[in-house]
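A.B. asks: here is my input, please return the structure:
(2 chains)
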2 protein chains.
Amino acid sequence: MSYSVAVVGATGAVGSTMIASLQEQKFPVSQLHLLATARSAGSEYGWNGQTLKVQDIESFDWTGVQVALFAGGEIASERLVPKAKAAGAISIDNSASFRMHADVPLVVPEVNPEALRQHQKVVANPNCSTIQMVAALKPFLDLGLKRVTVSTYQSVSGTGKDAIEELENLTRGWASGQAVGHKVYPAPIAFNCLPQIGSFGEDGFTGEERKMMEETRKILDLPELRISATCVRVPVFYGHSESVHIELDKPCSVAEAEERLARMPGVQVQKAGPGPTPLQAAHQDDVLVGRVRVDPSVENGLQFWVVADNLRKGAASNAVQIACKMLEMGLL
Amino acid sequence: MSYSVAVVGATGAVGSTMIASLQEQKFPVSQLHLLATARSAGSEYGWNGQTLKVQDIESFDWTGVQVALFAGGEIASERLVPKAKAAGAISIDNSASFRMHADVPLVVPEVNPEALRQHQKVVANPNCSTIQMVAALKPFLDLGLKRVTVSTYQSVSGTGKDAIEELENLTRGWASGQAVGHKVYPAPIAFNCLPQIGSFGEDGFTGEERKMMEETRKILDLPELRISATCVRVPVFYGHSESVHIELDKPCSVAEAEERLARMPGVQVQKAGPGPTPLQAAHQDDVLVGRVRVDPSVENGLQFWVVADNLRKGAASNAVQIACKMLEMGLL
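C.D. replies: Below is the predicted model of the structure:
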């Protein structure tokens, strides 16, 4: 059997990667609908030997769509996921809108596939920085995960195409000696680090940090997990990096930690050498883990470095992997 | 009284900043000797209305030099600090060579000035990433500092002029569409994060991480302090950033933490807004601290973001501040 699939936000950074992922992961598509706002409608994409025209999402007829991949942002998802659902489609939504809803599974297929069985036609794709971290945490759950702290090094593609262009323009301006302004970020991102992703809550944590903390608890089904995050934007185009500390109930040597990580599907462990970089992680679906070591400052502590392509495993390919997993589990 | 001062490694990134810092901090200089290898000898620097010629360090006569600022790297320091000492000069050494020697004070003047009284003609300047962190830790010592974990975001100027050029060249190459190689770092630093600074020890920690851990214990006089570091190079020219978690014996609110930091000389606290960036910290001597919040994942935990210009407070200006403090304390 093959499926009628819609991609919402098809011309964006995540949406266009979803289109490629569908083909790479060989999800059986009978018909592919590329949807975007009127501004982008009409542009063409080559896909699987066909030329597909992007359609205006406002006038789109959802009848017959079976799987809808949403990468158009929160406003689009909140308005259109109900439409897709009413038409009978299963939505896999990359926005934050439904992630914490009790009746919406929040899934990384290698980590918590069983949650998919609870779906009510809507499945949420976790936040990019959460996905790669939980993939690296899962192998340690049976040792009793007590506490997680993480500091991130996040690429501009996580913000979207405008941010990629802003880093490009600022950098080209620097190279040519021309002053270039910034508008996507509150300060210039070129040759800089911005310790704010999302807006601040009363406790001083940003939206992105809150997502990492809340989503990790939900995905790992550890509602009381002690976790704290610091999320930082760095001048990298593709690939998020994370410095992660964990505390376990039971001890775990470096060799055992690396073995556990190596057995985890979708994770590659780098046992020696300088540690994986975002440039290495870019354009592949795996999560790369390196710099695994015992944290000498706490009992049963480990620390490691986790890198992944935020548009792929952090967004588009995880969403398509959810679709593939649902197919495999007979849920489509 | 004014002093005959020598700067070793005067043409390097740190050495040339030391020359500027001497003037900015109004250290009383009677004569300034700029020293470098034969390759750089002969080049000229404007200083305090004079034109100074860089002298070949091999043929330099140390007689009469009272204060020697070393920024020529470990090999130069190990060979020449004894010469300076034999000539009666007090050496303030930016290399790692003597930092952990029991008879060498390792000093951040705002943090542990009293250690200067123990000097045997040699004082060590701590590692760049250590200096800014201990400045932010000091205000919490009386609450009982139990544990510190830190992840750094370090600029290429910490490596030196070659690394600044490498980031410039890689970036210009990217802007003009030309492939440019790298040799200073094991991977391209442009648009990338490299989770290795220094070489690996058997426990998986790098030289830079070890420095942060050992030097912090020595400076704070907490030989048993539980501390762990992850040091990462990012594509920033000037300014190191640090995501720091601390655990205290006693609780401390955000307001109290900010007040304590604000009272600390040489520290500026950013109480609201997006948090300080390395671009903001560049070209000033203060340590900027922001994103202060309670770490909800541990008892009596705090976390914050610390930024400073690694060539200034992280190296050159701290060295000159040491000289000024020694003068103030009657130790010169």
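A.B. asks: which phi and psi does the residue nearest to residue A:204 when sequence neighbours are not counted have?
C.D. replies: Counting by CB to CB, 6 or more residues apart in numbering or on different chains, residue B:293 is the residue found nearest to residue A:204 once chain neighbours are left out, at 3.5 Å. In short, each C-beta sits where N, CA and C put it, glycine included. Phi and psi for residue B:293, reported as degrees, to the nearest 10, are phi -150, psi 160.
A.B. asks: do residue A:135 as well
C.D. replies: Backbone phi and psi, for residue A:135 under degrees, to the nearest 10, turn out to be phi -60, psi -30.
A.B. asks: returning to that earlier point: gap between the residue nearest to residue A:204 and residue A:229?
C.D. replies: Using CB to CB, to the nearest Å, one gets 11 Å for the distance from residue B:293 to residue A:229.
A.B. asks: tell me how far the longest helix seen in chain A lies from the chain's centre.
C.D. replies: If you go by DSSP state H, chain A has its longest helix at helix A:161-176. Its chain's C-alpha centre and that of helix A:161-176 lie 23 Å apart, by CA atoms, centre = their mean, to the nearest Å.
A.B. asks: got a list of contacts for it?
C.D. replies: Contact with helix A:161-176 is made by A:12-13, A:156-157, A:179-180, A:182-185, A:188-191, A:235, A:237, B:171-172, B:174-176, as judged by CB atoms under 8 Å, 6 or more residues apart in numbering or on different chains.
A.B. asks: can you flag the buried ones in those residues?
C.D. replies: By neighbour count, with 16 or more other CB atoms under 10 Å in any protein chain shown, the contacts of helix A:161-176 hold A:12-13, A:156-157, A:182, A:184-185, A:188-191, A:235, A:237, B:171-172, B:174-175 as buried.
A.B. asks: out of these, list just those in helices.
C.D. replies: Per DSSP H, the subset of those in helices is A:13, B:171, B:172, B:174, B:175.
A.B. asks: those residues: which two are farthest apart?
C.D. replies: A:13 and B:172 (25.5 Å; CB to CB).
A.B. asks: could you list the residues of the stretch 101-250 of chain A in contact with chain B?
C.D. replies: The interface of the stretch 101-250 of chain A toward chain B, taken as CB under 8 Å from any CB of the partner chain, is made up of A:147-149, A:151, A:153, A:171-172, A:174-176, A:186-188, A:191-196, A:203-205, A:226-228, A:230, A:232, A:234-237, A:241, A:243, A:245.
A.B. asks: higher neighbour count, residue B:293 and residue A:229?
C.D. replies: residue A:229 (27 against 21; other CB atoms under 10 Å in any protein chain shown).
A.B. asks: in this structure the more buried one contacts residue A:214, no?
C.D. replies: No - Residue A:229 is beyond contact range of residue A:214, at 10.1 Å (criterion: CB atoms under 8 Å).
A.B. asks: what mean pLDDT does stretch A:199-206 get?
C.D. replies: With pLDDT averaged residue by residue, stretch A:199-206 scores 96.
A.B. asks: where does chain A have its least confident helix or strand?
C.D. replies: strand A:44-47 (a mean of 88; mean pLDDT, DSSP states H and E).
A.B. asks: residues in contact with it?
C.D. replies: A:10, A:16, A:19, A:23, A:32, A:34, A:51, A:52, A:53, A:54.
A.B. asks: sheet partners, orientation included, of it?
C.D. replies: Strand A:44-47 has the following sheet partners, assigned by DSSP bridges: strand A:50-53 (antiparallel).
A.B. asks: what residues does the very next helix or strand once past the strand it pairs with touch?
C.D. replies: Remark: after strand A:50-53, the chain's next helix or strand is strand A:55-56, criterion DSSP states H and E. Residues outside strand A:55-56 that contact it (CB under 8 Å, 6+ apart) are A:33, A:34, A:35, A:36, A:37, A:38, A:41.
A.B. asks: out of those, who's nearest chain B?
C.D. replies: Nearest to chain B among the contacts of strand A:55-56: residue A:36, at 27.5 Å, using CB to the nearest CB.
A.B. asks: neighbours of the closest one, how many?
C.D. replies: 24.
A.B. asks: please name the residues that touch residue A:290.
C.D. replies: Neighbouring residues of residue A:290 by CB under 8 Å, 6+ apart: A:269, A:270, A:271, A:273, A:275, A:276, A:304, A:305, A:307, B:195.
A.B. asks: how does it look with 10 Å?
C.D. replies: Neighbour list for residue A:290: A:258, A:261, A:268-277, A:280, A:304-307, B:195-196, B:204 [criterion: CB atoms under 10 Å, 6 or more residues apart in numbering or on different chains].
A.B. asks: again with residue A:256
C.D. replies: A:139, A:140, A:143, A:292, A:302.
A.B. asks: quick check: the first one vs residue A:259, distance?
C.D. replies: Which is residue A:139. Note on residue A:139: its distance to residue A:259, by CB to CB, is 9 Å.
A.B. asks: overlap in contacts of those two?
C.D. replies: Residues touching both residue A:139 and residue A:259 (CB under 10 Å, 6+ apart): A:252, A:269.
A.B. asks: which one of those two is surrounded by more residues?
C.D. replies: For the pair residue A:139 and residue A:259, the greater number of neighbours falls to residue A:139 (22 against 14), based on other CB under 10 Å.
A.B. asks: what about the residue nearest to that one when sequence neighbours are not counted, how many neighbours?
C.D. replies: Once flanking residues are discounted, residue A:139 sits nearest to residue A:260: 3.8 Å by CB to CB, 6+ apart. Using other CB under 10 Å, residue A:260 has 20 neighbouring residues.
A.B. asks: residue A:260: what secondary structure?
C.D. replies: helix (DSSP: H, G, I helix; E, B strand; the rest coil).
A.B. asks: if we can go back for a sec, in strands, which of the residues of the stretch 101-250 of chain A next to chain B fall?
C.D. replies: A:147, A:148, A:149, A:151, A:153, A:226, A:227, A:228, A:230, A:241, A:243, A:245 (DSSP state E).
A.B. asks: need these in JSON lines (columns: pLDDT and neighbour count).
C.D. replies: Listed next are those as JSON lines, based on pLDDT from 0 to 100; neighbours: other CB atoms under 10 Å in any protein chain shown:
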{"residue": "A:147", "pLDDT": "98", "neighbour count": "18"}
{"residue": "A:148", "pLDDT": "98", "neighbour count": "25"}
{"residue": "A:149", "pLDDT": "98", "neighbour count": "25"}
{"residue": "A:151", "pLDDT": "98", "neighbour count": "29"}
{"residue": "A:153", "pLDDT": "98", "neighbour count": "28"}
{"residue": "A:226", "pLDDT": "98", "neighbour count": "19"}
{"residue": "A:227", "pLDDT": "98", "neighbour count": "24"}
{"residue": "A:228", "pLDDT": "98", "neighbour count": "23"}
{"residue": "A:230", "pLDDT": "98", "neighbour count": "27"}
{"residue": "A:241", "pLDDT": "98", "neighbour count": "32"}
{"residue": "A:243", "pLDDT": "98", "neighbour count": "27"}
{"residue": "A:245", "pLDDT": "98", "neighbour count": "23"}
